[in-house]
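Asker: Okay, here's the prediction I keep looking at, along with the sequence it came from:
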Amino acid sequence: MHLIVMITAVVAAQWCFVGSAAGAVGGGEFYRGKVIRIVVGFSAGGGFDTFARTVARYMGKYVPGNPSIIVDNMPGAGSLIAANHIYRAAKPDGLTIGAFNGNQILGQLVGAQGINFDARKLEWIGAPGYNHDLCLLHQRTGIANAEQWLTAKAPLKLAGSAPGATTDDVAKILKEAIGLPMRLVTGYKGTADMRVAVESGEMDGLCGFSWVSVRATWRRAVESGQAIIMLQSAPKAHADLPKVPLTISFAKTPEARQLIEAGVHQPGAITYGYSLPPNTPKERVQILRKALLQAVKDPDLLNDANKANLEIAPASGEEIAQAIENMFKTPPAIVAKLKETLK
């Protein structure tokens, strides 16, 4: 009898040890001595890159085991290359975070070519900010406001990255919804390259440029009057931009309003979402969710963000996942119209 009790106790202790070891590997001890990569789908110097590098400096100290966090730029196809990489190639071990344009999820909704991921199967850990889309023109165009642009006889050249990028999709949607006179010239690696093109006279401006990015990378041009903000494509005006008209105010039909809401407003809420590959261990997902939300409250991060003119407005991983689920509930007729518009 005593022998059976002793054997049972030993087996129980062994199972407890195995369970504890597994928990340690899945959690904090797993990250000790490791390196986490944030794969940014755009070139260095743009808003996505600036956000990621700011987060990378502080997030590691909130992950048990204090791993190093580095940024790896993987530009191309409006960040679609990075999105597909996170879904198809990255190991689901909690060491690779995707920072691609959430607008690519709109591409999945409308069945765009090249989409090799399912956003609903990715693990979302949160976002450091949201996308408050703007349209800007260079002062050399001679156009001072949205009303003048909408009545322009010749289309203006807008810089874009690739189908699925905010710069491309927003411009196309606004052309369809409110008749914005524009000609899209796509192929730039990111907004850093687009800014150079606009400043050199190669392009007239761009749409789908987030106020977060403008604040961080192009504020001097705006404050000097070199770059003029024409429109803000968001549900409500930003506190910093009370006099800039809302794009949706120029929509003349219910369908036009729905196109802007489904194609611009909804994706804007998830643009800066950070994701992990499908099947990443749930414990590591929760660790990184918690670490990101702690990092974006860090006083030193907030100080750095303020110096870089970054606006920190975090969303949780759960909020991003729910927003994506809501996007896939868009009425079929609007999805069909968006597909036609974005082709």
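Answerer: That came through, no problem.
Asker: What lies in contact with stretch 240-249?
Answerer: 134-135, 145-146, 174, 177-178, 211, 215, 229-238, 257, 260-261, 264-265 (C-beta atoms under 8 Å, 6 or more residues apart in numbering). Bear in mind the C-beta positions are built from the backbone N, C-alpha and C, glycine included.
Asker: Please pick the buried ones from those residues.
Answerer: Applying 16 or more other C-beta atoms under 10 Å to the contacts of stretch 240-249, the neighbour count classes 134-135, 146, 174, 177-178, 211, 215, 229-234, 238, 257, 260-261, 264-265 as buried.
Asker: circling back to that earlier point, now, the contacts of stretch 240-249 that are in helices?
Answerer: Among these, the members found in helices (DSSP state H) are Ala146, Leu174, Ala177, Ile178, Trp211, Arg215, Arg257, Ile260.
Asker: Could you single out the nearest of the residues you listed to Gln108?
Answerer: Checking those against Gln108 with C-beta to C-beta, the nearest one is Ile260 at 19.4 Å.
Asker: list the contacts for that closest one?
Answerer: Residues in contact with Ile260 (C-beta under 8 Å, 6+ apart) are Ile173, Leu174, Ala177, Ile178, Ser233, Thr247, Ile248, Ala251.
Asker: What does the pLDDT read for it?
Answerer: pLDDT recorded at Ile260 is 97.
Asker: how close does it sit to Leu231?
Answerer: Going from Ile260 to Leu231 by C-beta to C-beta, to the nearest Å gives 11 Å.
Asker: which residues are in contact with both of the two?
Answerer: Leu174, Thr247.
Asker: Tell me where the model's unsure across this protein.
Answerer: 1-28 (pLDDT under 70).
Asker: According to the record, where do the domains of it fall?
Answerer: 30-130+269-331, 133-267 (automatic domain parsing).
Asker: mind listing what the residue most central in space within the chain touches?
Answerer: Nearest to the geometric centre of the chain sits Tyr272, at 2.3 Å (C-alpha atoms, centre = their mean). Tyr272 is in contact with Phe48, Phe51, Ala99, Gly102, Ala127, Pro128, Gly129, Tyr130, Asn131, Val212, counting by C-beta under 8 Å, 6+ apart.
Asker: No further queries at this time; thank you.
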